[in-house]
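Coordinates only, no sequence provided:
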């Protein structure tokens with residue numbers, strides 16, 4: 001593993017059924033301190049790749065070296081130790097609904113540290129201040145808007161100052177203002193914490209504004225990669241279709257079907 005990379009995935013194959021691989025010979029490198037996007041249409045394997053990096057799935061072939069260790073060589077304690085160095089923002093936040101905002105953010109500190117409550121209090125306030133929600137500490141998730149809930153989940157994800165942040169569709173379901181706020185926070189928090197971030201997302205515009213590098217996936221493979229500007233200028237057919245939302249291209253819009261007239265029950269005289 002190159003010292004400058006916090007994640008290296010090499011020639012990785014994975015399938016829930018070995019006869020039907022979800023990921024096919026995937027290789028990606030995530031440099032330390034960078035924000036990297038993984039994009040592609042639904043079902044292309046990008047979230048599965050994120051789960052392999054997080055140690056939730058093990059490769060069928062190839063390997064994933066994360067934070068200096070091959071995930072498939074780690075035992076249960078080793079995986080837990082690796083995950084304590086990570087933060088995860090789930091697609092819709094996954095807050096504990098019966099806990100206050102304060103207790104949601106305090107939860108990982110109470111679970112994984114021996115800090116006194118006074119110290120936890122100050123750290124929780126710092127994390128909530130970082131996402132602009134210190135005044136909402138006493139609220140419960142049902143009292144929050146979608147954007148506020150996502151920011152609380154982000155504060156919880158950075159509670160232990162992780163080295164590696166994983167984001168699974170962080171912009172899903174957000175209005176344009178909340179989407180812009182979350183995007184700005186991801187970039188700012190990554191840089192201020194000295195962390196590394198991997199973003200799985202469909203949101204082309206927001207990702208291109210905040211990432212340093214992108215990987216595009218299709219049918220379980222990496223089909224293109226590059227900087228935001230190179231992606232915008234790409235003539236690779238899949239990237240061009242995806243980035244610009246074109247209906248015509250290598251990704252078909254219509255599901256395969258027999259000839260149209262064969263499905264019409266028309267009788268002629």
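Structure's in. What do you need? None of these values were measured; they are calculated from a predicted model. Residues are numbered from 1 along each chain as shown.

how about the closest residue to residue 219 other than its chain neighbours, secondary structure?
The spatial neighbour of residue 219 that comes closest, neighbours along the chain excluded (CB to CB, 6 or more residues apart in numbering), is residue 44 at 6.4 Å. Where you see a C-beta, it was placed from the backbone N, CA and C, and this is true even at glycine. Applying DSSP: H, G, I helix; E, B strand; the rest coil to residue 44 yields a three-state assignment of coil.

mind showing which ranges of the stretch 151-269 of the chain have poor pLDDT?
Across the stretch 151-269 of the chain, the ranges flagged by pLDDT under 70 are 265-269.

picking that back up, against residue 19, how distant is the residue nearest to residue 219?
From residue 44 over to residue 19 the distance is 19 Å, taken as CB to CB, to the nearest Å.

if we can go back for a sec, so who does the residue nearest to residue 219 touch?
Contacts for residue 44 (CB atoms under 8 Å, 6 or more residues apart in numbering) come out as 217, 218, 219, 220.

Taking those, please make a PyMOL selection of just the buried ones.
In PyMOL syntax, the buried subset of those is picked out as below (16 or more other CB atoms under 10 Å):
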select buried, resi 217+218+219+220
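
Which of the contacts of residue 44 fall within strands?
Counting by DSSP state E, these place 217, 218 in strands.

Going by distance to residue 15, which of the contacts of residue 44 wins?
residue 220 (8.7 Å; CB to CB).

Correct me if wrong: that closest one contacts residue 12.
No: if you go by CB atoms under 8 Å, residue 220 and residue 12 don't touch, sitting 10.2 Å apart.

which residues do these two both contact?
Common contact partners of residue 220 and residue 12 (CB under 8 Å, 6+ apart): 23, 26.

residue boundaries of the helices in the stretch 151-269 of the chain?
All helices of the stretch 151-269 of the chain, identified by DSSP state H, counting those that start in this stretch, fall at 176-193, 204-210, 228-232, 237-244.

Quick one: those as JSON lines, columns for mean neighbour count and distance to residue 73 too.
What follows is the helices of the stretch 151-269 of the chain, written out as JSON lines (neighbours: other CB atoms under 10 Å; distance: least, CB to CB, whole Å):
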{"stretch": "helix 176-193", "mean neighbour count": "17", "distance to residue 73": "27"}
{"stretch": "helix 204-210", "mean neighbour count": "18", "distance to residue 73": "32"}
{"stretch": "helix 228-232", "mean neighbour count": "16", "distance to residue 73": "34"}
{"stretch": "helix 237-244", "mean neighbour count": "19", "distance to residue 73": "34"}
